[in-house]
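*Asks:* Okay, here's the prediction I keep looking at, along with the sequence it came from:
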Number of protein chains: 2
Amino acid sequence: MSQKVTIKDIAKKLNVTPSTISRALSDHPSISVKTKSLVKKTALKMNYHPNKMASSLRKGKGHSIGVVLPKINSNFMSNCIFGIESVTYPSGYDLIICQSNEFYEKEKDNIEALLASGVSGVLISLSMDTKDTEHLNNVLKRNVPLVMFDRIEESFSVDSAVNDDRVISAEAVVHLAAQGYKKIAILSGPTHSYVYNNRLMGYLDGLRLSGLEIKEDRIFSNIVSEEDAKNLVSNVLKKESKESRPDAFFCTGDKVALGAMQAAREAGLGIPSDIGVVGYANDPFSKIITPSLTTIEQFPKEIGTSAAKIIIDLIKQGKTFSSPNKKVLIKPQLRIRESSSRVPNFSCNT
Amino acid sequence: MSQKVTIKDIAKKLNVTPSTISRALSDHPSISVKTKSLVKKTALKMNYHPNKMASSLRKGKGHSIGVVLPKINSNFMSNCIFGIESVTYPSGYDLIICQSNEFYEKEKDNIEALLASGVSGVLISLSMDTKDTEHLNNVLKRNVPLVMFDRIEESFSVDSAVNDDRVISAEAVVHLAAQGYKKIAILSGPTHSYVYNNRLMGYLDGLRLSGLEIKEDRIFSNIVSEEDAKNLVSNVLKKESKESRPDAFFCTGDKVALGAMQAAREAGLGIPSDIGVVGYANDPFSKIITPSLTTIEQFPKEIGTSAAKIIIDLIKQGKTFSSPNKKVLIKPQLRIRESSSRVPNFSCNT
DNA sequence: ATGAAAGCGCTAACAA
DNA sequence: TTGTTAGCGCTTTCAT
């Protein structure tokens, strides 16, 4: 019923041409200050609202940025989006959010849909089963900037923003070693994942740094849930002798750590006295449980803002990626709590 | 570099007019089956991708649905979006997400931006300081369907999807009463909020149903954080005599419940023996802590899907709201756990 | 069953 | 400093 007011209407009213109105509204330098203010005032009075569809079509590119991610409903991802929005909104971009649900095909569809909608840029965190990067190439081919965040593919050369998982994982392991744990095991996720791979590398770094032995049979992969962890740790503690079995578990997720703790307790072992446990993510519950869980706090908002800033820059510069590629590493922090602290006077920074 | 392929190019290649291509691609009835399949095949071969900006402009309306909400980074909200997406994606709509950050002004801006982008519909959960509904009216004026979810304004007549907070709150209070608690207090949020108001009403209902006395000084509002709760409960337990003080706290948030529990414990009182506690939200930690927390599980995904379904219907019908208004109530569930169970043989459904 | 032509609202060369 | 003009790619009435 409304939105009949176009640039033409204002032009008619002021006896000038539409071009003048268009220019005045977008602060074109060659329009007199007087005209500008008159036009703007009139536009306001007439309740004019620019039609973005028209300008998008004309300019060949919209005013929105697309985000493709596996699942929005996680603490980590929703905070990434929060960060992204805090940057894109002030820059005048709409955010179009798509979920791949961890499916390559949907991810591909999402990207096509975004391109068809004329997004000015694409932010992506890859699905678990993304095998190739052809769809990502399509983005670049259309001359649309692409930035990866969190779940990235290193072989694909674009800018990115990620956790510095490796360094902090090493730090966590070194911490465990400093507490006197000598047979530290890792409970990690899927081996082909960039994220979990890095955590594993950090684990190995940490062992080396601490002069501890690396043993294949202390590396457990594909442990994703509390259940997985509980079963596995339970078995490990049962099967192995007191001498050979792990005395600490570096877990790449807090839920996983929780499962490990339960298994240890059920095996009659004390935490942190007999078994040390470190988690990952600083889930709200980690601080609350007994014993409180040492864990790694990530900064998803910062990952989001970093990725968003990069893409806004790229859009401004009209480039699809930086050369050399930019890779922003956001360093997580170790939150030392009870589950790994058996040396008295440990520092407990929340 | 790509996306040069338009409807015109296909037309040229096949020696027909653009109109034919357009019609063929959109399955217009008056195009021969043969032509259709030929056109589609060619389009595919030429790697044609429709330009949504153009069709949006032409049709005066886009292919996206706008969502305005206070903050995306909560478990509740991100799951609402998850639900929304699961409905809008199959229907072919993009999702444009905006955060109001609890500011009325930003909410207003968000809506304007969405309308300018030509969204086909708007889903909104109101900000805390939304005072009037003029901006909502603008949506309807432009003939764009509007559906509210979770944080709604009852005086504004459009369709909505919300938690059935009142009924479940009553149920929770009745449960406490059944466990022998007689002086049940409520720790609620801002009084002017639709959501908290409903929980308060349910609380009163519950007391009435149980034949318990309603006492003003057992109703505490504006308790939002763990901190708030801890301080308040601590004071209450200190100040009042054993006879007059509350023996149970119905908390309208799990974090709040946590604070209450801590205060009780610090006052040397047992949970659930001396003090019963019920939370709200079924936060992951509620099941893990000791004693485990009785709480109310909400179904944000269902709220999202319900709201989305309504708006898709409205778009199809070309209406901005149903008359009479549709109001979908999603019933939460009481998760009875240790913090409120002092009668033996209580049922513990997770 | 297909073609011709106009136009959605805005922008941007090119002119003046 | 402002006007003229053309057109982004698609849809859709009206004609054939």
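*Replies:* Nice, thanks for sending it over. These numbers come from a predicted model, not from an experiment. Numbering: from 1, shown residues only, chains lettered A, B, ... in the order given.
*Asks:* all strands of the stretch 1-150 of chain A, in order?
*Replies:* Assigned by DSSP state E, counting those that start in this stretch, the stretch 1-150 of chain A shows strands spanning A:64-69, A:94-99, A:121-124, A:146-149.
*Asks:* In TSV, list the ones you listed along with mean pLDDT and mean neighbour count.
*Replies:* The way it works is simple: take the backbone N, C-alpha and C, and place the C-beta from them, glycine included. Converted to TSV, these look like this (pLDDT from 0 to 100; neighbours: other Cβ atoms under 10 Å in any protein chain shown):
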stretch	mean pLDDT	mean neighbour count
strand A:64-69	97	28
strand A:94-99	97	24
strand A:121-124	98	28
strand A:146-149	98	28
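*Asks:* Can you add distance to B:E297 and give those back as JSON lines?
*Replies:* Formatted as JSON lines, the strands of the stretch 1-150 of chain A follow (distance: least, Cβ to Cβ, whole Å):
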{"stretch": "strand A:64-69", "distance to B:E297": "25"}
{"stretch": "strand A:94-99", "distance to B:E297": "23"}
{"stretch": "strand A:121-124", "distance to B:E297": "32"}
{"stretch": "strand A:146-149", "distance to B:E297": "31"}
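*Asks:* Helices along chain A, start to end?
*Replies:* Secondary structure of chain A (DSSP state H): helices located at A:7-14, A:18-25, A:33-45, A:52-59, A:75-88, A:104-116, A:134-141, A:165-178, A:194-209, A:226-239, A:254-266, A:284-288, A:300-317.
*Asks:* Tabulate the ones you listed (a markdown table), appending mean neighbour count and mean pLDDT.
*Replies:* Shown next, in a markdown table, are the helices of chain A (neighbours: other Cβ atoms under 10 Å in any protein chain shown; pLDDT from 0 to 100):
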| stretch | mean neighbour count | mean pLDDT |
| --- | --- | --- |
| helix A:7-14 | 17 | 93 |
| helix A:18-25 | 19 | 94 |
| helix A:33-45 | 14 | 92 |
| helix A:52-59 | 18 | 94 |
| helix A:75-88 | 23 | 97 |
| helix A:104-116 | 20 | 95 |
| helix A:134-141 | 17 | 94 |
| helix A:165-178 | 22 | 98 |
| helix A:194-209 | 20 | 96 |
| helix A:226-239 | 18 | 95 |
| helix A:254-266 | 23 | 96 |
| helix A:284-288 | 19 | 90 |
| helix A:300-317 | 22 | 97 |
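*Asks:* Format those as a markdown table; extra columns: distance to DNA strand C.
*Replies:* Converted to a markdown table, the helices of chain A look like this (distance: least, Cβ to the nearest atom of the strand, whole Å):
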| stretch | distance to DNA strand C |
| --- | --- |
| helix A:7-14 | 3 |
| helix A:18-25 | 3 |
| helix A:33-45 | 9 |
| helix A:52-59 | 3 |
| helix A:75-88 | 19 |
| helix A:104-116 | 16 |
| helix A:134-141 | 22 |
| helix A:165-178 | 42 |
| helix A:194-209 | 39 |
| helix A:226-239 | 53 |
| helix A:254-266 | 48 |
| helix A:284-288 | 45 |
| helix A:300-317 | 14 |
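*Asks:* just how off-centre is stretch A:242-249 within its chain?
*Replies:* Relative to its chain's centre, stretch A:242-249 lies at 34 Å (Cα atoms, centre = their mean, to the nearest Å).
*Asks:* Keeping just the C-alphas, turn it into PDB.
*Replies:* In PDB, the C-alpha atoms belonging to stretch A:242-249 read as follows (Å, rounded to 0.1, in the frame of the first residue of the first chain):
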ATOM      1  CA  LYS A 242      48.200 -49.100  36.200                       C
ATOM      2  CA  GLU A 243      51.700 -48.600  34.900                       C
ATOM      3  CA  SER A 244      50.900 -48.400  31.200                       C
ATOM      4  CA  ARG A 245      47.500 -46.600  31.200                       C
ATOM      5  CA  PRO A 246      47.200 -42.900  30.600                       C
ATOM      6  CA  ASP A 247      47.200 -40.600  33.700                       C
ATOM      7  CA  ALA A 248      45.700 -37.700  31.900                       C
ATOM      8  CA  PHE A 249      43.300 -37.000  29.100                       C
END
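*Asks:* List the contacts of it.
*Replies:* Stretch A:242-249 is contacted from outside by A:176, A:181-187, A:218, A:233, A:236-237, A:239-240, A:257, A:260, A:274-278, A:340, using Cβ atoms under 8 Å, 6 or more residues apart in numbering or on different chains.
*Asks:* May I see the buried residues of that stretch?
*Replies:* Neighbour-count burial for stretch A:242-249 flags A:245-249 (criterion: 16 or more other Cβ atoms under 10 Å in any protein chain shown).
*Asks:* residue contacts, A:I65?
*Replies:* For A:I65, the contacting residues are A:84, A:88, A:93-96, A:119-123, A:308, A:311, by Cβ under 8 Å, 6+ apart.
*Asks:* can you put the helices of chain A in JSON lines and add distance to B:A172?
*Replies:* Shown next, in JSON lines, are the helices of chain A (distance: least, Cβ to Cβ, whole Å):
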{"stretch": "helix A:7-14", "distance to B:A172": "57"}
{"stretch": "helix A:18-25", "distance to B:A172": "55"}
{"stretch": "helix A:33-45", "distance to B:A172": "51"}
{"stretch": "helix A:52-59", "distance to B:A172": "47"}
{"stretch": "helix A:75-88", "distance to B:A172": "26"}
{"stretch": "helix A:104-116", "distance to B:A172": "39"}
{"stretch": "helix A:134-141", "distance to B:A172": "48"}
{"stretch": "helix A:165-178", "distance to B:A172": "40"}
{"stretch": "helix A:194-209", "distance to B:A172": "40"}
{"stretch": "helix A:226-239", "distance to B:A172": "27"}
{"stretch": "helix A:254-266", "distance to B:A172": "27"}
{"stretch": "helix A:284-288", "distance to B:A172": "22"}
{"stretch": "helix A:300-317", "distance to B:A172": "33"}
